[in-house]
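K.L.:
Predicted model and sequence follow; I will ask about them next.
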Amino acid sequence: MSTVLWGVLPYLALALLIGGTIWRYRYDKFGWTTRSSQLYESRLLRIGSPLFHFGALVVVVGHVVGLLIPESWTEKLGISEHMYHGNALFWGTIAGICTLVGLGILIYRRRTTGPVFMATTTNDKVMYVVLTSALCLGLWTTALAISAGSEAANYRETVSPWFRSLFYLNPDVDAMAAAPVQFHIHALVGLLLFAIWPFTRLVHAFTAPLHYLFRPYIVYRSRDARPHAGARAARPGWQPIGTHDRERGAR
Amino acid sequence: MRVMAQMSMVMNLDKCIGCHTCSVTCKQAWTNRAGTEYVWFNNVETRPGQGYPRQYEDQEKWRGGWEVGRHGQLRLKAGGRLKKLLTIFSSPVQPQLGDYYEPWTYDYQTLVDAPLGDDFPVARPKSLITGEDTKITWSANWDDNLGGAAQMGELDPIIAKLRADASAEANAKIKFEYEQTFMFYLPRICEHCLNPACMASCPSGAIYKREEDGIVLVDQDRCRGWRQCITGCPYKKIYFNHKSGKAEKCTFCYPRVEVGLPTVCSETCVGRLRYLGLVLYDADRVTEVAATADDQALYAKQLEIMLDPSDPEVIAAARAQGIPDDWMESARRSPVYALAKRFKVALPLHPEYRTLPMVWYVPPLSPVVDLLKDQGHDAEAAGSLFGAIHELRIPVEYLAELFTAGDTAEIERVLNRLAAMRSYMRDVSLGRDPDASIPAFVGMGEEEVYDMYRLLAIAKYEERYVIPTAHHEDAHNLEEMACSLDFDEGPGMYESGAFGEASGVPTPVAVETFHALRDRQTADTAASSESLRGRVNLLNWDGNGRPEGLFPAKEKS
Ligand code: SF4
Ligand code: SF4
């Protein structure tokens, strides 16, 4: 059981994440967008969206630091376990609550603003359920850790080593299995979120436009070459039949 | 010097009758899709009026375009790159649907389905966004023909500006009482700017300017819906498709322009007031010109970087840049170059936005003539015309706010030229001796005035639209392009196919239609069908004349 959950599932999720992203990038560039609904409603979005997005960015950074940086490294830097934990809980709680409140505002807005609700697809709804549960479960683990005080389970001795071991292709299933149940659930929902990520509107995060800081303001580009027969470029899978010698252009 | 070619347009506002044909045909061609119901790539505004979207010209509110920073550098009015990225999660100043309008349709089905009864069934307006019943309160041209101007005229950002800081004189001229007010139409498309703020605002770099013809397009595969371009464009000519989540804009009908056809709006314009042509400009100086400190100097500076296509130096540089010779030829015949730079009667819309817009306007003159006539003067005699330019019904100050960043002298110069042309040509057409002092008064030669008159008054299709075709070096790969066998008497010709008449490869319908359409548009006789080789293409027969071969020959009696 543990092997399946912590040794197989993560790779499945990862495969879906990577494969799905590549597939979507190749075949659905047109669908790759934020699908912003600001045109319909702006007042609530102006509060909810930045709250959610900035909160989420901090949460992501927190996860990266917590999962990727081994405890021994921070200890070498002279950061005690106690200090680390206190900080992580403090910032994690703030960011998590911001994100959750932001998300709450956004979902409320989605439900109550007619046009926005109309523009909500089933895909969006599924994504919202998974995202919200991942977030709530994460906050739940934090809450449990806070209430447990110094007795709190140290995920940096269980979850983190397992997470890192995934990338050595030698998953430390036992370490993860030893973690308390709340981490198990949170991790599973997290894996689910990664698995569906490429197929939802969340993909826009992968094309965060950081290159904007460096590109020139004016973009010149040559008219598209028209290498295909037909006034429209052939879609993948719809190339015309025929052999090369039949093509007039080849002569 | 980096010579680049730009397809651009001139609109002669004197002739616009505000019929909205251009808007409707454009919409049918480009934006009759889900998600773009509220979008008009071409719209026609009545001025004074709020415009579409409402009050888009108020840049203190919408923060579109560029401004010059403290150290003389050019920067986006909405903020630098970092600020844009930090506010990306909710665009601070994006127009809402309500600023455009909520698109609607009518519930026509009830008209058909209603049971027999005493009352007439009513087709209720239904929102195209929610599908619910809706109340129509605004549209893309709700204040058409000054509708509601008595109450809402003051909401025009330009009126507000003139009221706030102009002399009492201009203030007194602007009235909204019936029979005292003024109006004219302003058709607008994307300006295909040389220094586009939409492009500079796009975080993904999805908006680009085509190297060959300067048309500004949104790469639909790279747009991620960050919607910063909508804020960036001061003309609000980028729209958000709320179904696809992508930005869309006027395409200058590039698929038509590439094969030498005018844009849909130009083609269908009832007033025949649009001109299309190439302009060459020096791309190296674009940023420098856009950063000109003085708003009112921008117009002159922009003219400066428009290059003379007859200048040997320019020709050499253009050749080095790989601009084909037939394009240079088109540039020399370009009506846009002639009106904007040679005669200097076409002006850019809101040069103070610093995007270097490339759709130019000949300001309207007509009302002055009526005014003079009413006062009992000879309306088109030069003396009274020149004197009356600042007595125009349309206040010069208003036009100046639109076209010259408030420089009234420049507007008066242009209007004087137009007035001089009328006056001079009147003598010519009445068979009197033309008076050379009239053109001289406005700094033009007689020849020049005559050329300008030809272009503005009687130019034929081919003089109004000078469009070089694209060179797709692999054009033989294009679907429905004549194949290499289609030379005279080649096996591709109908008549002489190897297996008798009509064997061989037929001319594809699109090619045939294209040629037939062009024949018709440029022919003096009805339904001439040169390219149809004696057959009749019913799709293109407009009902006029008796094309040969359509009807049985009339019996000679
Ligand atoms: S007018 Fe057109 S090219 Fe200019 S900034 Fe707006 S959308 Fe861009
Ligand atoms: S079709 Fe021509 S005349 Fe009619 S509104 Fe458009 S620009 Fe004006």
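P.N.:
Received it, and whenever you're ready, just let me know what you need. Numbering: from 1, shown residues only, chains lettered A, B, ... in the order given. Ligands and ions are numbered 1, 2, ... in the order given.
K.L.:
got the contact list for the closest residue to ligand 1 within the stretch 1-150 of chain A?
P.N.:
Across the stretch 1-150 of chain A, the shortest distance to ligand 1 (CB to the nearest ligand atom) belongs to A:Leu39, at 16.5 Å. For the C-beta atoms, the positions are set from N, CA and C on the backbone; glycine is no exception. Shown in contact with A:Leu39 (CB atoms under 8 Å, 6 or more residues apart in numbering or on different chains): B:Gln94, B:Gln96, B:Leu97, B:Phe240, B:His242.
K.L.:
Looking at those residues, which are in helices?
P.N.:
Within the contacts of A:Leu39, residues falling in helices by DSSP state H are B:Leu97.
K.L.:
Narrow the contacts of A:Leu39 to those that are buried.
P.N.:
Buried subset of the contacts of A:Leu39 (neighbour count, 16 or more other CB atoms under 10 Å in any protein chain shown): B:Gln94, B:Leu97, B:Phe240, B:His242.
K.L.:
Going by distance to ligand 1, which of the residues you listed wins?
P.N.:
Ranked by distance to ligand 1 (CB to the nearest ligand atom), the buried ones among the contacts of A:Leu39 are led by B:Phe240 at 12.4 Å.
K.L.:
what's near enough to touch the closest one?
P.N.:
A:Ser36, A:Gln38, A:Leu39, B:Gln94, B:Gly225, B:Arg227, B:Ile230, B:Lys246, B:Ala247, B:Glu248.
K.L.:
Mind listing the residues bridging to it?
P.N.:
For B:Phe240, the beta-bridge partners under DSSP bridges are B:Ala247.
K.L.:
In which helix or strand does B:Ser8 reside?
P.N.:
strand B:3-12 (DSSP states H and E).
K.L.:
so what does whichever helix or strand comes after that strand touch, helix or strand wise?
P.N.:
Using DSSP H and E, the helix or strand that follows strand B:3-12 in sequence is helix B:21-30. Other helices and strands packing on helix B:21-30, by 3 or more CB pairs under 8 Å, 6 or more residues apart in numbering or on different chains; DSSP states H and E, are strand B:43-47, helix B:264-268.
K.L.:
Apply 6 Å and report the result again.
P.N.:
Contacts defined by 3 or more CB pairs under 6 Å, 6 or more residues apart in numbering or on different chains; DSSP states H and E place helix B:21-30 against helix B:264-268.
K.L.:
CA-only coordinates of the helix it packs on in CSV, if you can.
P.N.:
Output in CSV follows, covering the C-alpha atoms of helix B:264-268 (Å, rounded to 0.1, in the frame of the first residue of the first chain):
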residue,chain,number,x,y,z
VAL,B,264,-13.3,45.6,-45.8
CYS,B,265,-14.0,49.0,-44.3
SER,B,266,-12.3,50.8,-47.2
GLU,B,267,-13.9,48.6,-49.8
THR,B,268,-17.4,49.2,-48.5
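K.L.:
For that helix, report the contacting residues that lie outside it.
P.N.:
For helix B:264-268, contacts defined as CB atoms under 6 Å, 6 or more residues apart in numbering or on different chains pick out B:Thr21, B:Cys22, B:Thr25, B:Cys26, B:Ala29, B:Asn42, B:Cys253, B:Arg274, B:Leu276.
K.L.:
For it, buried residues please.
P.N.:
Result for helix B:264-268 [16+ other CB under 10 Å]: buried residues B:Val264, B:Cys265, B:Ser266, B:Glu267, B:Thr268.
K.L.:
before we move on, what about stretch B:347-363?
P.N.:
The neighbour-count check on stretch B:347-363 (16+ other CB under 10 Å) flags B:347-363 as buried.
K.L.:
Please apply the same query to stretch B:210-221.
P.N.:
Across stretch B:210-221, burial judged by 16+ other CB under 10 Å covers B:Arg210, B:Glu212, B:Asp213, B:Gly214, B:Ile215, B:Val216, B:Leu217, B:Val218, B:Asp219.
K.L.:
Please identify the residues of chain B in proximity to ligand 1?
P.N.:
Counting by CB under 6 Å from any ligand atom, chain B comes close to ligand 1 at B:190-193, B:196-198, B:216, B:233, B:235, B:237-238, B:249, B:355.
K.L.:
follow-up on the earlier one: among the buried residues of stretch B:210-221, which ones are in strands?
P.N.:
Mapping these onto strands (DSSP state E) picks out B:Arg210, B:Val216, B:Leu217, B:Val218.
K.L.:
list the contacts for the first one?
P.N.:
What that stands for is B:Arg210. Shown in contact with B:Arg210 (CB under 6 Å, 6+ apart): A:Arg223.
K.L.:
Quick check: bridge partners of it?
P.N.:
Beta-bridge partners recorded for B:Arg210 (DSSP bridges): A:Arg221.
K.L.:
how much space between it and B:Leu307?
P.N.:
Distance of B:Arg210 to B:Leu307, given as CB to CB, to the nearest Å: 18 Å.
K.L.:
returning to what we had before: in three-state terms, label the residue of the stretch 1-150 of chain A closest to ligand 1 for me.
P.N.:
Secondary structure state of A:Leu39, per DSSP: H, G, I helix; E, B strand; the rest coil, is coil.
K.L.:
Show the pLDDT at it.
P.N.:
Model confidence at A:Leu39, expressed as pLDDT, equals 92.
K.L.:
now swap in B:Val428 and tell me
P.N.:
pLDDT, B:Val428: 92.
K.L.:
tilt between the helix or strand that it is a member of and strand B:3-12?
P.N.:
Per DSSP H and E: B:Val428 is located in helix B:408-429. Angle, helix B:408-429 to strand B:3-12, by axes from the mean of the first three to the mean of the last three CA atoms, to 10 degrees: 70 degrees.
K.L.:
list the helices and strands helix B:408-429 packs on?
P.N.:
Helices and strands touching helix B:408-429, by 3+ CB pairs under 6 Å, 6+ apart, are helix B:382-388, helix B:396-403, helix B:437-441, helix B:446-453.
K.L.:
switch the cut-off to 10 Å
P.N.:
Other elements packing on helix B:408-429 under the criterion 3 or more CB pairs under 10 Å, 6 or more residues apart in numbering or on different chains; DSSP states H and E are strand B:347-348, strand B:359-362, helix B:366-374, helix B:382-388, helix B:396-403, helix B:437-441, helix B:446-453.
K.L.:
How about residues contacting the shortest one?
P.N.:
When contacts are defined by CB atoms under 10 Å, 6 or more residues apart in numbering or on different chains, strand B:347-348 is touched by residues B:8, B:10, B:191, B:193, B:298-299, B:302-303, B:339-340, B:355-363, B:399-400, B:402-405, B:407, B:410-411, B:414.
K.L.:
So what's the residue count around residue 163?
P.N.:
Since no chain was named, I'll use chain A. Other residues lying near A:Phe163 total 21 when counted by other CB atoms under 10 Å in any protein chain shown.
K.L.:
my question was about chain B
P.N.:
By other CB under 10 Å, the residues close to B:Arg163 number 13.
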